[in-house]
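Undergrad: below are the sequence and a predicted model for it; my questions follow.
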Amino acid sequence: MGKVVLVTGVARQLGGRFVRRVQRDPEVDRVIAVDAVPPEHHLGGADFVQADIRQPAIAKVLAEYGVDTVVHMDVTATALGRGGRGSVKETNVIGTMQLLGACQKSATVKRLVVKSSTSVYGSAPRDPAVFTETTPPKSLPSGGFAKDTVEVEGYVRGFARRRPDVAVCVLRFANILGPAAESPLAEYFSLPVLPTVFGYDPRLQFVHEDDAVEVLRLGSHEPRRGTLNSGTFNIAGDGQLLLSQCSRRLGRPTVPVLLPAVTWVGSALRTLGVTDFSPEQIRLLTHGRVVATRQMRETLGFRPKYTTAETFADFVRSRGPGLLPPGALAGAVDRIAALPLAGGNRCAN
């Protein structure tokens, strides 16, 4: 008998892609795809079970199918359909608690993979240049998806202590981008004009959705010789981009806003449909965040196909041209930056 893999969050594009991909692995015998709503995309030969992970019934699903590997992808920043921020938080936090409780009682579960985020580190003015997996945040996230991920990881650590026989792999993804990206940052980059925080040009990292699928698949496997796929790993493409570089490559102009007005910016973006543009998202666009990926390469044994720049380039191609040709916009920004009073030396991080 091959592995029986249960995947949560399959109604989202990334979850659906992972389900279709992991079915092709020769060591996988069956895939159980779980979500509270039926997906609009196909799931190949997977068995779809409509179940809300916030409910205790998820334990019956694990038992009925004899699941040995759980890939928890239903930790996200955006709502499906008409769901709001409240339902997202409940699924992230309460759903994770219920799922872990079911896994703890299961006699068959031997491996757990959790899709987390580098947002657990927060974004603060005195942050280190690069976060490693063991770097404590200067200040814990106070709200939004970032706070959800901190709570989720706390519950996962508790589960790992109670079930040391289960291999637990936590993947902290940088911002996932690509043609089908679903995130507040993807929504932000899709705006015709990008509001930015005056005087700041944050460093950003991205991971391509193709690489996200592959590293999740790797985490769900038994480790290869010389690798270890249990523990916590930062996942990001090589390199970094400044927000100003992103705007140029998109061909979208920026509107700098004074720092005291960032709360208004967040409210305005939520009005425009950027669903989880919390204060933590604003802090990211102020101070940025860069993580080390040495453990991803040397311990997990994963090397992304796309760099940060290549990931963003693929995202740009999928979004079409901005208001201005990228070349013309870059030239205009360079000329403004060269002016004596342009304040080009005010960038932080």
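TA: All right, it came through fine.

Undergrad: low pLDDT regions in the chain?
TA: 1, 81-83, 262, 265-266, 268-277, 321-349 (pLDDT under 70).

Undergrad: all strands of the stretch 201-349 of the chain, in order?
TA: 203-204, 206-208, 231-235, 241-242, 254-257 (DSSP state E, counting those that start in this stretch).

Undergrad: kindly report the same for the stretch 1-150 of the chain.
TA: Taking DSSP E, counting those that start in this stretch as the test, the strands found in the stretch 1-150 of the chain are 3-8, 28-35, 47-50, 69-72, 111-117.

Undergrad: mind checking which of these is nearest Ile58?
TA: Closest to Ile58 of those, according to Cβ to Cβ: strand 28-35, at 7.2 Å. Glycine gets a C-beta too; all of them are placed from N, C-alpha and C.

Undergrad: packing partners for that closest one?
TA: strand 3-8, helix 13-22, strand 47-50, helix 58-65 (3 or more Cβ pairs under 8 Å, 6 or more residues apart in numbering; DSSP states H and E).

Undergrad: elements contacting the last one?
TA: To tie it back to what came earlier, the one meant is helix 58-65. strand 3-8, strand 28-35, helix 95-105.

Undergrad: got the buried residues for that helix?
TA: Across helix 58-65, burial judged by 16 or more other Cβ atoms under 10 Å covers 58-59, 61-62, 65.

Undergrad: wait, which of those is closest to Asp165?
TA: Leu62 (15.4 Å).

Undergrad: against Lys110, how distant is that closest one?
TA: From Leu62 over to Lys110 the distance is 12 Å, taken as Cβ to Cβ, to the nearest Å.

Undergrad: and what of Gly9?
TA: Counting by Cβ to Cβ, the gap from Gly9 to Lys110 is 21 Å.

Undergrad: who's more crowded, these two?
TA: Ranked by neighbour count (other Cβ atoms under 10 Å), Gly9 and Lys110 place Gly9 first, with 26 against 17.

Undergrad: what about the residue nearest to Thr263 when sequence neighbours are not counted, how many residues close to it?
TA: Counting by Cβ to Cβ, 6 or more residues apart in numbering, Thr263 lies nearest to Pro279, which is 7.3 Å off, once chain neighbours are set aside. Look at Pro279: counted by other Cβ under 10 Å, it has 17 neighbours.

Undergrad: hang on, Pro279 packs against Phe145?
TA: No: using Cβ atoms under 8 Å, Pro279 is not in contact with Phe145, being 11.3 Å away.

Undergrad: coming back round to it: of the strands of the stretch 201-349 of the chain, which stretch is the most buried?
TA: When those are scored by mean count of other Cβ atoms under 10 Å, the highest mean neighbour count falls to strand 206-208 (a mean of 27).

Undergrad: what helices and strands are in contact with that one?
TA: strand 175-177, helix 308-319.

Undergrad: who does the first one touch, helix- and strand-wise?
TA: Using 3+ Cβ pairs under 8 Å, 6+ apart as the contact criterion, the secondary-structure elements in contact with strand 175-177 are helix 184-189, strand 206-208, helix 209-219, helix 308-319.
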